[in-house]
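**Student:** got a sequence here, can you model it:
(2 chains)
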Amino acid sequence: MRTVHLAAPDDFDGWRDAARALALARVPPEEIVWHAGDGAPDLFADEAVLDTAVEGAFSVPRAFVALARDAVCHADAERFALLYAMLLRLRDQPRLIEDHADPLLRRIEELAKAVRRDVHKMRAFLRFRELEEGDQPRFVAWFEPEHHIVRINAAFFVRRFATMRWSILTPELSLHWDGATLSEAPGASKADAPAGDPLEETWKTYYASIFNPARVKIGAMLKEMPKKYWKNMPETALVPQLIAGAQARESGMIAKSDLKVADAVAAEPPADVGGNSRLAWEALREEAAACTRCHLYKHATQTVFGEGPIDATLMFVGEQPGDQEDLAGKPFVGPAGQMFDRALAQAGVDRGTVYVTNAVKHFKFEQRGKRRIHAKPQGPEIEACRWWIEQERVLIRPPLTVALGATAARSLLGKVVTISGARGRPHVLQDGGEAWVTVHPSYLLRIPEREKAEEEYARFVADLRAAGARAKELA
Amino acid sequence: MAQLDTREKLAILADAAKYDASCASSGTAKRSSAGETSGIGSTEGMGICHAYAPDGRCISLLKILLTNSCIFDCHYCINRKSSNVRRARFTAEEVVNLTLAFYRRNYIEGLFLSSGIIRSSNYTMEQIVEVARSLREDHGFRGYIHLKTIPDADPELIHQAGLHADRISINVELPTEQGLKRLAPEKSVEGIAGAMGDIKAAIEDKTDAKRRFKSAPRFAPAGQSTQMIVGADSANDGEIVTRASGLYDRFKLRRVYYSAFSPIPDASAILPLQRPPLMREHRLYQSDWLMRFYGFAPKEVVAATGADGMLPLDIDPKMAWALKFRENFPVDVNRASKEMLLRVPGLGIKAVNAILLSRRWRTLRLDDIARLTVSVARLRPFITAADWTPGGLIDRVDLKARIAPPAKQMELFAA
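**Tutor:** A predicted model of the protein is given here:
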């Protein structure tokens, strides 16, 4: 067994000299014990690395030297042996350095990567504290790196803080910069560094204020700022309370906004509500006029937006505009619309007080000769158009919404339902509103048997009457 | 109103700045203080994130507004005229001192300064420029400076900003013109595009001058960037991706940032009131990466969207593209071109480079690929290797279910 004593845990030059000599003598890796720093030497090992020096030289790829420089700084006790084993192989096959799938090279690359990350994190997470010392302050930092990186990182702090006097204290090694020269000293303890800095409260204020409680992503934070670094960073003390407060703050913000709109609808006289909300609604309608969220805009004449008072307490949602609506630009004016009007009047609900709109705002059709035949909108079209209806609902906040037909029910409830299954009972919507489901008036137009048609029509009127009464209750 | 102290102002003006997503401090010229007797700071190309907030965003720069008073009334903005947030204003000197004090303690890489518009665009821009000038000229600050410019300020002021700043940005705010009209009525698409065009021209002029005269002053060496708010208007992902790629091409932008619209206190009634679409924001950033580093054309990313023009939320856009255009797979890791390898879901740029180098040396087997990647199980159906062929796997209808991560139960704080 041969033992190599290196001067320090990050002694790259020492490793290189020893490794070169050993490789020239073709000493196999398993016959070498590597010691770095103050570790107790192996009593039974030879003192000299080699009995006789072997003359000669060989070259290795430059990429390996750079890799080894980093990997040497890793805390893994095996690093010197791994690097030596790699060196022996590279001596015979220099191009092996390109084979990143090689297990040994891969392992060394992982070591170097961990070191580079630690170097970067030291530059990022080290915090100076100001120490009054004579006429010029000194900035002192306490840092606990994972690997032996302090020495290779010194130049960075010199480049950045050359005109300051500073000290970096770590358990293994301390650095002192007096504005002109860098000196090394033995390791220190946390107690040797100042306990605080008056500016830290200001920094914590910044940290807490720049944090956005609406978008908590703890995993993303921990990935880049693992907990092992937290103990020496003043701002991390705030993390638990910021997370705890986040959800309460977020729901508070949403509730507050909800309340504002809801209060406006409920408490203020209708004339006043018109002001801002009507402007917002007009802007929304204008934006919708240029909608290209799905392909239906290509063939339709225009977007048919909803219609009715902004303070309506009852909203009706149909399927999509038909041939006549598409040309008129207004919802519910065709045959089904006329049927709807008649039923509404019979149910005692004033059409002028309700807001009517469609789940899909462009006419979808198939051209057959000169006629445009209604085609049922598909899932993606309903999904694409949902954005508009959600915006309409935010502005109008109807306490009660009635879905006319399966397409409207799907858009409102966010899932496919059958009319028979969903009819006749309340559904709670995501925004807190209540929804009821009934048939679409066009269904009534398509029933061939007169008796059945009359029966269904009566049922439809009854649904509308119930909705009118329920809306009054909720308003 | 009682006078606010610096900490109170900082709380207000940092809070007001947090909806700006940009935090980069990279890509600028190298500067160092070594050998200098005055001044402070350095930049080294790669930016440093000095802390991370629980929102997962990095804190690299002191990101603040000079003031959160504003004469504009943009509905998505917490600082709009009609919002009743508390107002505060820093003096230029206060910002300079705070930046230097934070920098000396290694809290930050530099300053990102923006502002609400007070009095006029020119007056506001003058104040912003004064902060940067003082840092550079009075204090020899060599750290990073990012200035947000006011769209219709005098081009001469924007020019001065570029001489001091590393990066200049101007927000397009919303992906669609209709959205901008509705939510930021005082801003115009033409005004913003004009300012971006001016900055692009200035950057190119100075780069050209620098080539001929070494002493020519630098102009925004880290280039210009912009930001779009996602989820406040009706634009779908396809439209956003197309818009972003148009901006990259026209104005040679370094970055287009996306900011998921967050519910803000005292929100305007015109805005949606849901949780910010963080996953959607993430997918847009991934698609941005595909276009900038993976050789995807914008229309290919658009082709990966669903019928509603949206990117799938459950799988990444590269996987979505691969599942949709399966005729391109499997890809032979031992023979395929770099372009094709980059299209394999689960193969990143580093892995592809490692494959290209390693295969000169050996015929790659599945184990080799496993060592070079994070999850070989995910990408296995898309490749062939010396000892592996996916067989009919690539054509299976349930392929997505086999490789997509199973739906997880929502965490309390999940995005």
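
**Student:** get me the contact residues on the stretch 1-150 of chain A for chain B.
**Tutor:** By the rule Cβ under 8 Å from any Cβ of the partner chain, the part of the stretch 1-150 of chain A lying against chain B is A:95-96, A:98-103, A:106, A:120, A:123-130, A:139, A:141. All C-beta atoms are positioned from the backbone trio N, CA, C, and that covers glycine.

**Student:** just the residues you listed: which are in helices?
**Tutor:** The helices in this structure, assigned by DSSP state H, contain A:Pro103, A:Arg106, A:His120, A:Arg123, A:Ala124, A:Phe125 from those.

**Student:** what's the PyMOL line that selects buried ones from these?
**Tutor:** To isolate the buried ones among those in PyMOL, judged by 16 or more other Cβ atoms under 10 Å in any protein chain shown, type:
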select buried, chain A and resi 106+120+123+124+125
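
**Student:** could the ones in helices among the residues of the stretch 1-150 of chain A next to chain B be laid out in a markdown table, adding pLDDT?
**Tutor:** Shown next, in a markdown table, are those (pLDDT from 0 to 100):
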| residue | pLDDT |
| --- | --- |
| A:Pro103 | 92 |
| A:Arg106 | 93 |
| A:His120 | 96 |
| A:Arg123 | 97 |
| A:Ala124 | 97 |
| A:Phe125 | 97 |
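
**Student:** helix, strand or coil: sort out the closest residue in space to B:Val256 that isn't next to it in sequence for me.
**Tutor:** What sits nearest to B:Val256 in space, not counting adjacent residues and going by Cβ to Cβ, 6 or more residues apart in numbering or on different chains, is B:Ala244, at 4.4 Å. Classification of B:Ala244 using DSSP: H, G, I helix; E, B strand; the rest coil returns helix.

**Student:** can you count the residues close to B:Ala244?
**Tutor:** By the criterion of other Cβ atoms under 10 Å in any protein chain shown, B:Ala244 has 26 neighbours.

**Student:** who touches it in this structure?
**Tutor:** Neighbouring residues of B:Ala244 by Cβ atoms under 8 Å, 6 or more residues apart in numbering or on different chains: B:Pro175, B:Met228, B:Val256, B:Leu284, B:Asp288, B:Met291.

**Student:** kindly report the same for B:Thr176.
**Tutor:** By Cβ under 8 Å, 6+ apart, the contact list for B:Thr176 reads A:Glu287, A:Ala290, B:Asp233, B:Ser234, B:Ala235, B:Glu239, B:Arg243.

**Student:** tell me the pLDDT of the closest residue to A:His299 other than its chain neighbours.
**Tutor:** Excluding the flanking residues, the one nearest A:His299 by Cβ to Cβ, 6+ apart is A:Phe365, at 7.3 Å. In this model, A:Phe365 is scored at 89, pLDDT.

**Student:** scan the contacts of B:Thr176 and report the most crowded one.
**Tutor:** Neighbour max across the contacts of B:Thr176 (other Cβ under 10 Å) = B:Asp233, 28 neighbours.

**Student:** where in the chain is pLDDT low?
**Tutor:** Defaulting to chain A. A:38-54, A:249-276 (pLDDT under 70).

**Student:** you answered for a different chain; I wanted chain B.
**Tutor:** Scanning chain B for pLDDT under 70 picks out B:1-3, B:262-276, B:404-415.

**Student:** in the chain, which residue is most central in space?
**Tutor:** Because you didn't say which chain, this covers chain A. Per Cα atoms, centre = their mean, the C-alpha nearest to the average position across chain A is that of A:Lys217, at 6.3 Å.

**Student:** the intended chain is chain B.
**Tutor:** Geometric centre of chain B, nearest residue: B:Tyr257, 3.2 Å, by Cα atoms, centre = their mean.

**Student:** what residues are up against residue 77?
**Tutor:** Just going to use chain A. By Cβ under 8 Å, 6+ apart, A:Ala77 has no neighbours at all.

**Student:** not quite, go with chain B.
**Tutor:** B:Tyr19, B:Cys70, B:Ser83, B:Ala184.

**Student:** so which bits of the stretch 101-250 of chain B are right by chain A?
**Tutor:** Residues of the stretch 101-250 of chain B that fall close to chain A, judged by Cβ under 8 Å from any Cβ: B:101-102, B:104-107, B:176, B:178-179, B:181-182, B:233-234, B:236, B:239.

**Student:** which of these has the most neighbours?
**Tutor:** With neighbours taken as other Cβ under 10 Å, the top of those is B:Asp233, carrying 28 neighbours.

**Student:** for that one, which non-adjacent residue is closest in space?
**Tutor:** B:Gly179 (2.9 Å).

**Student:** coming back round to it: of the residues of the stretch 1-150 of chain A next to chain B, buried ones?
**Tutor:** Buried members of those, counted by 16+ other Cβ under 10 Å: A:96, A:98-102, A:106, A:120, A:123-130, A:139, A:141.

**Student:** once you drop chain neighbours, what's closest to B:Val172?
**Tutor:** Per Cβ to Cβ, 6+ apart, closest to B:Val172 is B:Thr226, 5.1 Å.

**Student:** that neighbour should be in a strand, yeah?
**Tutor:** Yes. Counting by three-state DSSP, B:Thr226 is located in a strand.

**Student:** I figured it hits B:Ile170, correct?
**Tutor:** Yes. With contact defined as Cβ atoms under 8 Å, B:Thr226 counts as touching B:Ile170 (6.1 Å).

**Student:** shouldn't B:Ile117 be within a strand?
**Tutor:** No. Applying three-state DSSP, one finds B:Ile117 to be coil, outside a strand.

**Student:** how much space between it and A:Pro377?
**Tutor:** For B:Ile117, the distance to A:Pro377 equals 44 Å [Cβ to Cβ, to the nearest Å].

**Student:** the more surrounded of these two?
**Tutor:** Neighbour totals were compared for B:Ile117 and A:Pro377, and A:Pro377 leads with 24 against 21 (other Cβ under 10 Å).

**Student:** my guess is B:Asn79 meets B:Leu65, correct?
**Tutor:** Yes. Under the criterion of Cβ under 8 Å, B:Asn79 makes contact with B:Leu65 at 7.3 Å.

**Student:** identify the contacts common to those two.
**Tutor:** B:Ala16, B:Gly116.

**Student:** mark which of the contacts of B:Cys77 are buried, thanks.
**Tutor:** Buried members of those, scored by 16+ other Cβ under 10 Å, are B:Tyr19, B:Cys70, B:Ser83, B:Ala184.

**Student:** contacts for stretch A:228-235?
**Tutor:** A:121, A:125-127, A:142-144, A:146, A:190, A:196-197, A:200, A:203-204, A:207, A:236, A:239, B:51.

**Student:** mind checking which of these land in helices?
**Tutor:** Counting by DSSP H, the part of those found in helices is A:Lys121, A:Phe125, A:Glu200, A:Trp203, A:Lys204, A:Tyr207, A:Val239.

**Student:** need the nearest residue in space to B:Ser115, chain neighbours excluded.
**Tutor:** Of all residues not flanking B:Ser115 in the chain, B:Leu66 sits nearest, at 3.9 Å (Cβ to Cβ, 6+ apart).

**Student:** what number of residues lie near that neighbour?
**Tutor:** Neighbours of B:Leu66 (other Cβ under 10 Å): 25.

**Student:** isn't it up against B:Phe90?
**Tutor:** Yes. If you go by Cβ under 8 Å, B:Leu66 and B:Phe90 touch, sitting 5.6 Å apart.
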